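J.: got a predicted structure plus its sequence, pasted below:
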Protein chains: 4
Amino acid sequence: MSIYKELKEQAWLANLELPKRGLVIYTFGNVSAFDKNRGVFAIKPSGIDYDKLSVDDMVVVDLDNNTVEGTLRYSSDTKTHSVLYKNFPDIKGIVHTHSTYSVAWAQACRSIPVYGTTHADHLADDIPCTPVIDKVSVQGNYEDETGKLIVKTFEKQNLSYNKIQMVLVARHGPFTWGETPEKAVYNSVILEELAKMAQLTENIQNNVTRLEDWIITKHYERKHGKNAYYGQNGSIEKGGI
Amino acid sequence: MSIYKELKEQAWLANLELPKRGLVIYTFGNVSAFDKNRGVFAIKPSGIDYDKLSVDDMVVVDLDNNTVEGTLRYSSDTKTHSVLYKNFPDIKGIVHTHSTYSVAWAQACRSIPVYGTTHADHLADDIPCTPVIDKVSVQGNYEDETGKLIVKTFEKQNLSYNKIQMVLVARHGPFTWGETPEKAVYNSVILEELAKMAQLTENIQNNVTRLEDWIITKHYERKHGKNAYYGQNGSIEKGGI
Amino acid sequence: MSIYKELKEQAWLANLELPKRGLVIYTFGNVSAFDKNRGVFAIKPSGIDYDKLSVDDMVVVDLDNNTVEGTLRYSSDTKTHSVLYKNFPDIKGIVHTHSTYSVAWAQACRSIPVYGTTHADHLADDIPCTPVIDKVSVQGNYEDETGKLIVKTFEKQNLSYNKIQMVLVARHGPFTWGETPEKAVYNSVILEELAKMAQLTENIQNNVTRLEDWIITKHYERKHGKNAYYGQNGSIEKGGI
Amino acid sequence: MSIYKELKEQAWLANLELPKRGLVIYTFGNVSAFDKNRGVFAIKPSGIDYDKLSVDDMVVVDLDNNTVEGTLRYSSDTKTHSVLYKNFPDIKGIVHTHSTYSVAWAQACRSIPVYGTTHADHLADDIPCTPVIDKVSVQGNYEDETGKLIVKTFEKQNLSYNKIQMVLVARHGPFTWGETPEKAVYNSVILEELAKMAQLTENIQNNVTRLEDWIITKHYERKHGKNAYYGQNGSIEKGGI
């Protein structure tokens, strides 16, 4: 029996959550689950519909993008996942979708401003949008470069990938991650909801200003700070409201 | 057996209504049910998903925010509920959600104008949006101050909390209340629908004016006035259309 | 056994279709079914939720607004229905809802322009919006005056109620009718869809012009004209696409 | 037993997919399946609801629009299908719907610009919108002329119907096609999603520019080019993401 059975099951279940949460149609997304000790991750195979996906279809890949187990071709976004696992050492799950409102912001090449406490409950910064990827990178090792673009965006803007577990790749769409694949999926759902709220807010009123700093800090800290008082003691998941 | 059994069940059922009505995802909301004689209310525990919520998870709290029964930590918004129960003596249920369209108006820091009879069927005034909470209040006893901000907004604008059973906290989201927890949930659903209708109305036409006064009065009075003729005789609930 | 049994059942079934089609929440609407020979119609009682509505709850009313059968108070919009049955002699069903997009146009006090063939498949004119009802009419016999406002709007603009089976009452919402209650419900669904399409069309492009006349005529005539070739021979219902 | 049994079943199943995917209400659409060898296609009958549609209701039609098998009147759009089958020789399925967002773009008389990689994953060009059909064509053989307008639009703009398997008929709505009826339905779902994403993108930001050329090429080629690496080897369907 495969030593990756549990990892593949974790990735498979997280993938099935995407259509259930309304984040994908057809094959519009993929989730991977990372095993840090073994240095491999399990990821959705390319172009397989979610309703035909079995746990054995999951492909196990190492950080050099070699298939370690599995007979199917891995997701075409696999190299982006590898780059993120290599550069964001604390994460154990990554999600990529083409969810509607998140894509709209990515297509508009805009970061999503913090407009309210729903956003600040989850992160204390705008949700960053990368610059548009340049021609050389696209014609080279494209998916690898996409990962590097995300990493560079975080470095240049001095952002913490632990605090900001989501990004919009300009002209493309959202990537999210987390301490577990389930948390990464949770972050994708949250991002889509924040994207919709922000769009509606701007559509109501043209010149909305960013949320006041003191509110941002308060809402972020009451959930994620040293003295957080949201949720039950010892609860790992502090993403709610 | 707990003397709060009935109260907890009432709060629990009202909480379960939130995801059913599409008002919340994950843990984005909470309902409380008030027992006036005993001076306590039952409220959702913090950070627990609705689909894992049992009636015994409900926390019973007094108006000084002491836990009277229950082992879980109460909702992080509990102090806002207390302030409202203390200052709005006729209410017996409070709901807080982050429903999408209501949050959009709150994030835009705008009261929702009465644009039509659907709104006037429920209240004869704009749905008030509080000012943005100041820095000192946020850094102090935040959730308590949030409740006071709501109360102050009603006092300053001379609004009746019995007639206007809903408010937008600027940059945050909606709170609604009512004579029962069920009515408070009903008011949250209505608020979300009125918020969506008002947004669409403005998106169609830039300079919409407020509903004519005589229509507001008529629609409000035919349901809530002395000579109301909507609904069946003796029906307590007069919220419909 | 009641001689109105069939009429009440027809009204009841048509009322149940409203929540199924997503046109109403709670008690936001009503349908009536007309028996021309007896000069009475069956209508939803006021303020009763759709999921608690039984066929025996239906109220039978004559054209002078007297209850002929039934123990509940009839819908508060009943007098508007009477006026329409009296003035539009060919119709046998009327629907009133507060469906979201239709209300948005009504609240914006705008007729819905014919922007495409989906609209022209159903009617060859803009969907008329009445003027805002005046103060005297509102303070008088309000629901009766609402009906008269609809009738006057059709007279003044020389519109055919047989061809245009729907109207927006300004600041209020849609009324639709038809040769049967089922057709009237169908018209409410169509109106809501046309309202949404028109709003999206305007949101994409600011200065949309009305559909070209020759297309309007063609699409309307191929379904409703003398030489109509849509649908099966002898099919009564020609509302589709 | 009918020699067209399989063809009719294929058309029938593809038609049933339309309401399941949320593309149609009532009778707002039709799918046909083409048998190239026999020179006939099976198509939905006119004006029949999807939930009452049986496989035997399908009408088999030749390319001169003669009914070869079936007792019902064929879809009023049948002649448009014939023209497309005659002029686009590689296709074996056609879909016409009035899906909401696609219709909005058609009513605004606008092609849908490539704004992001979701679009470029499926086609490397804007989704073309035909000119508005002229008066003579509408008053003549209208549905035949509609087909010719589509064909002319592709010729004039030098577009490949194999690469661009969708079009908006101005003021009307979308037509899509494909190597199979299932692929044509898939294309209708994709078109509707791209239309929604593009609308939201424009609503966020007024002056969005077209996607950079190098990204368009890359995304299209990684799925559809000679060295495509999306999907499993030998998978016919390469439409995903």
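T.: On my side now, so go ahead.

J.: show me what counts as buried in the worst-scoring helix or strand of chain A on mean pLDDT.
T.: Using mean pLDDT, DSSP states H and E, helix A:213-224 stands out as the lowest-scoring helix or strand of chain A, at a mean of 82. Neighbour counts over helix A:213-224 (16 or more other Cβ atoms under 10 Å in any protein chain shown) mark A:214, A:215, A:216, A:217, A:218, A:219, A:220, A:221, A:222, A:223, A:224 as buried. No exception for glycine: its C-beta is placed from N, CA and C like everyone else's.

J.: the first one reaches residue B:138, doesn't it?
T.: What that stands for is residue A:214. Yes: proximity of residue A:214 to residue B:138 meets the contact threshold set by Cβ atoms under 8 Å, at 4.7 Å.

J.: ok, back up a step: distance to chain C added to the buried residues of helix A:213-224, as a markdown table?
T.: As requested, the buried residues of helix A:213-224 are arranged in a markdown table below (distance: Cβ to the nearest Cβ, whole Å):
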| residue | distance to chain C |
| --- | --- |
| A:214 | 35 |
| A:215 | 31 |
| A:216 | 31 |
| A:217 | 36 |
| A:218 | 34 |
| A:219 | 31 |
| A:220 | 34 |
| A:221 | 37 |
| A:222 | 33 |
| A:223 | 32 |
| A:224 | 36 |
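
J.: which among the residues you listed are in contact with chain D?
T.: When contact is defined as Cβ under 8 Å from any Cβ of the partner chain, those do not meet chain D at all.

J.: hmm, back to that, just the C-alpha atoms of the least confident helix or strand of chain A, please, in CSV.
T.: Provided in CSV are the C-alpha atoms of helix A:213-224 (Å, rounded to 0.1, in the frame of the first residue of the first chain):
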residue,chain,number,x,y,z
ASP,A,213,-6.0,51.8,10.6
TRP,A,214,-7.2,51.4,14.1
ILE,A,215,-10.0,49.2,13.1
ILE,A,216,-7.8,47.1,10.9
THR,A,217,-5.4,46.4,13.8
LYS,A,218,-8.2,45.7,16.3
HIS,A,219,-10.0,43.2,14.1
TYR,A,220,-6.9,41.4,13.0
GLU,A,221,-5.5,41.3,16.5
ARG,A,222,-8.6,40.1,18.3
LYS,A,223,-8.4,37.0,16.2
HIS,A,224,-4.8,36.5,15.4
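
J.: counting by contacts, list what that helix packs against.
T.: helix A:117-120, helix B:135-139 (3 or more Cβ pairs under 8 Å, 6 or more residues apart in numbering or on different chains; DSSP states H and E).

J.: any chance of those helices in a markdown table, with mean neighbour count too?
T.: Converted to a markdown table, the helices and strands packed on helix A:213-224 look like this (neighbours: other Cβ atoms under 10 Å in any protein chain shown):
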| stretch | mean neighbour count |
| --- | --- |
| helix A:117-120 | 26 |
| helix B:135-139 | 14 |
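
J.: can you redo these as JSON lines with mean pLDDT?
T.: Below are these laid out as JSON lines (pLDDT from 0 to 100):
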{"stretch": "helix A:117-120", "mean pLDDT": "94"}
{"stretch": "helix B:135-139", "mean pLDDT": "92"}
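
J.: indicate which one of these is closest to residue D:128.
T.: Nearest of the helices and strands packed on helix A:213-224 to residue D:128, taken as Cβ to Cβ: helix A:117-120 at 38.4 Å.

J.: which residues does that closest one contact?
T.: A:112, A:114, A:127, A:193-194, A:197-198, A:211, A:215-216, A:218-220, A:241, B:28, B:98, B:103, B:171-173 (Cβ atoms under 8 Å, 6 or more residues apart in numbering or on different chains).

J.: which of those residues fall in helices?
T.: A:193, A:194, A:197, A:198, A:215, A:216, A:218, A:219, A:220, B:103 (DSSP state H).

J.: so what's the last one up against?
T.: Spelled out, that is residue B:103. A:116, A:118, A:197, A:201, B:172, B:173, B:174.

J.: among those residues, which pair sits farthest apart?
T.: A:201 and B:174 (14.1 Å).

J.: these two - which one has more neighbours?
T.: residue B:174 (27 against 22; other Cβ atoms under 10 Å in any protein chain shown).

J.: would you check that the more buried one makes contact with residue B:100?
T.: No: using Cβ under 8 Å, residue B:174 makes no contact with residue B:100, being 10.7 Å away.

J.: shared neighbours of the two, which are they?
T.: residue B:192.

J.: does stretch A:188-202 come close to chain B?
T.: Yes: Stretch A:188-202 is in contact with chain B by Cβ under 8 Å from any Cβ, via A:189, A:190, A:193, A:196, A:197, A:198, A:200, A:201.

J.: now stretch A:23-37
T.: No: Stretch A:23-37 is not in contact with chain B by Cβ under 8 Å from any Cβ; minimum separation 11.8 Å.

J.: how long is that stretch end to end?
T.: One end of stretch A:23-37 to the other measures 30 Å (Cα to Cα, to the nearest Å).

J.: quick check: mean pLDDT of it?
T.: Computed over stretch A:23-37, the mean pLDDT rounds to 96.

J.: whichever residue of chain A sits closest to chain C: helix or strand, and which one exactly?
T.: Across chain A, no residue is closer to chain C than residue A:203, which sits at 8.7 Å (Cβ to the nearest Cβ). Assigned by DSSP states H and E, residue A:203 belongs to helix A:181-204.

J.: convert the C-alpha atoms of that helix to CSV, please.
T.: Extracted in CSV, the C-alpha atoms of helix A:181-204 (Å, rounded to 0.1, in the frame of the first residue of the first chain):
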residue,chain,number,x,y,z
PRO,A,181,-5.0,22.2,2.6
GLU,A,182,-8.4,22.7,4.3
LYS,A,183,-7.2,26.1,5.5
ALA,A,184,-6.1,27.0,2.0
VAL,A,185,-9.6,26.1,0.7
TYR,A,186,-11.1,28.2,3.5
ASN,A,187,-8.9,31.1,2.4
SER,A,188,-10.2,30.7,-1.2
VAL,A,189,-13.8,31.0,-0.1
ILE,A,190,-13.0,34.0,2.1
LEU,A,191,-11.1,35.7,-0.8
GLU,A,192,-14.0,35.3,-3.1
GLU,A,193,-16.4,36.7,-0.6
LEU,A,194,-14.1,39.7,0.2
ALA,A,195,-13.7,40.3,-3.6
LYS,A,196,-17.5,40.4,-4.0
MET,A,197,-18.0,42.7,-1.0
ALA,A,198,-15.3,45.1,-2.2
GLN,A,199,-16.7,45.2,-5.7
LEU,A,200,-20.2,46.0,-4.4
THR,A,201,-18.8,48.6,-2.1
GLU,A,202,-17.1,50.4,-4.9
ASN,A,203,-20.2,50.1,-7.1
ILE,A,204,-22.3,51.9,-4.5
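
J.: is chain D contacted by stretch A:140-154?
T.: Yes: counting by Cβ under 8 Å from any Cβ, chain D has neighbours in stretch A:140-154: residue A:142.

J.: which parts of chain A sit against chain D?
T.: A:25-29, A:45-48, A:72-73, A:76, A:98, A:100-101, A:103-110, A:132-135, A:138-139, A:142, A:171-173, A:199, A:202-203.

J.: which among those count as buried?
T.: When those are checked against 16+ other Cβ under 10 Å, the ones flagged as buried are A:25-29, A:45-48, A:72-73, A:76, A:98, A:100-101, A:103-110, A:132-133, A:138, A:142, A:171-173, A:199, A:202-203.

J.: taking the residues you listed one by one, which sit in strands?
T.: Of those, the ones assigned to strands by DSSP state E are A:29, A:173.

J.: on that earlier part again, most neighbours of all the residues of stretch A:188-202 next to chain B, which one?
T.: residue A:198 leads these on contacts (other Cβ under 10 Å) with 28 neighbours.
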